[in-house]
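> Have a look; sequence and predicted model below, questions after that.
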Amino acid sequence: MKVFGISHRGVVRRENQDCFRFDAPQGTELLSAVLCDGMGGAQAGSVASAMAADAFMSHAANSLDEESTAEDMQNILTDAVNYANIKVYDRSFSDFACMGMGSTLVAVLMNSRSTLVANVGDSRAYYIYKGTIQQITYDHSLVEEMVRKGQISPEQAREHPQKNIITRAVGVDAAVKCDIFRAKAAAGSSVLLCSDGLSNLVSDDEILTVLNENRDCEDAAKVLLGLALGRGAPDNVTVVIAQR
C-alpha cells in the first residue's frame, strides 16, 4: 500500500480550510483516510475541517483491522462520520466564532479484501484501474441535484454559478447522513480523494491521464495540484492518492 496526500491554499484564498489525514500501518494492507473541506466565517472553516478529520480518524483508524468485513467497515464509517458530526456541531454551539461552521467529508477504508468509501458534501472519491476512472461518490450539491433531474448537463454544472452550494455537510445539523459505497479491492488499483478545488478545474479524463503517466502516487498528486494551480486555483486544493 502506498499513500500520499498534498494540500494547498490555492492562488486566491488566504487560508487553507481543507484538511486530510491518513493511517496506513507499515507491512499491512490497511488504510484509513479522510479529506475534509471546511466552511465558515473567519477561521471557522479550518476549525471544522480539522475537527472533523481528527474525530473521524480517532474512531476509524482504531476500529479497522484485517479481519474487518465489508459490513464491519460500513459500520465503522457510519460511526466515525457521526462522531465527527457531533464534535463539529457541539463546537459550533460552544464557540461563538465557530457558529454555523461545517465541513464536507470523504473517506476510504481498505483492507486486503474490501474497499469502502463514505461521503458527505461535494468532496469526491475516484477509483482508477486498468486505464479507466470511475467517480465513486455522488456530490451532495445543488447542481448535482439539477443534473440528476435533467435540468442541466454535467458540462453546464461545471460552470454553473451555484456549483459551490452543498446540500449536506458535517456539523451543520445534530445528525447527518453519509452515503457509503463499495469499490473493488484489486491489486494495481488506486483510490483518489479530492476537494472541489481540484474537481472543479481538472476533468476526470485529465485525472486518469495523470495517473496513467505517473505511476508513483506522490508524483501524480503533485502533477494534479500543479494543473489546478496553473488554472488559477480560486479555491483550496487537496488530493490524497492510495495505490494497492
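Noted; the coordinates are in hand. Residues are numbered from 1 along each chain as shown.
> Can you show me the helices along this structure?
For the chain, the helices defined by DSSP state H occupy 44-63, 70-94, 142-148, 154-159, 196-199, 204-213, 217-230.
> buried ones in the second one?
When burial is assessed from 16 or more other Cβ atoms under 10 Å, helix 70-94 yields the following buried residues: 70, 72-74, 76-77, 80-89, 91-92. Heads up, the C-betas are built off the backbone N, CA and C, glycines and all.
> That one packs against which elements?
Packing partners of helix 70-94 (3 or more Cβ pairs under 8 Å, 6 or more residues apart in numbering; DSSP states H and E): helix 44-63, strand 102-103, strand 105-110, strand 115-120, strand 179-183.
> if you compare those, which one is most tucked away?
Mean neighbour count (mean count of other Cβ atoms under 10 Å) peaks for strand 102-103 among these, with a mean of 32.
> a markdown table for the helices and strands packed on helix 70-94, including mean pLDDT and distance to Cys19?
Shown next, in a markdown table, are those (pLDDT from 0 to 100; distance: least, Cβ to Cβ, whole Å):
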| stretch | mean pLDDT | distance to Cys19 |
| --- | --- | --- |
| helix 44-63 | 96 | 4 |
| strand 102-103 | 96 | 8 |
| strand 105-110 | 98 | 10 |
| strand 115-120 | 98 | 14 |
| strand 179-183 | 96 | 20 |
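> Could you export the ones you listed as JSON lines, including distance to Val210?
Putting the helices and strands packed on helix 70-94 into JSON lines (distance: least, Cβ to Cβ, whole Å) gives the following:
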{"stretch": "helix 44-63", "distance to Val210": "25"}
{"stretch": "strand 102-103", "distance to Val210": "26"}
{"stretch": "strand 105-110", "distance to Val210": "19"}
{"stretch": "strand 115-120", "distance to Val210": "20"}
{"stretch": "strand 179-183", "distance to Val210": "19"}
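> max-length strand in this protein?
strand 31-39 (DSSP state E).
> distance between the ends of stretch 172-183?
Across stretch 172-183, the terminal residues are separated by 28 Å (Cα to Cα, to the nearest Å).
> quick one: the residue nearest the centre of the chain from Gly171, how far?
With distances taken as Cα atoms, centre = their mean, the chain has Val106 as the residue nearest its mean C-alpha position (3.3 Å). Distance, Val106 to Gly171, by Cβ to Cβ, to the nearest Å: 15 Å.
> need the contact list for the residue nearest to the centre of the chain.
Val106 is in contact with 34-36, 117-121, 123-125, 137, 193, counting by Cβ atoms under 8 Å, 6 or more residues apart in numbering.
> Need these in JSON lines (columns: distance to Glu144).
Shown next, in JSON lines, are the contacts of Val106 (distance: Cβ to Cβ, whole Å):
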{"residue": "Val34", "distance to Glu144": "21"}
{"residue": "Leu35", "distance to Glu144": "18"}
{"residue": "Cys36", "distance to Glu144": "19"}
{"residue": "Val117", "distance to Glu144": "16"}
{"residue": "Ala118", "distance to Glu144": "17"}
{"residue": "Asn119", "distance to Glu144": "12"}
{"residue": "Val120", "distance to Glu144": "13"}
{"residue": "Gly121", "distance to Glu144": "11"}
{"residue": "Ser123", "distance to Glu144": "13"}
{"residue": "Arg124", "distance to Glu144": "11"}
{"residue": "Ala125", "distance to Glu144": "14"}
{"residue": "Thr137", "distance to Glu144": "10"}
{"residue": "Leu193", "distance to Glu144": "17"}
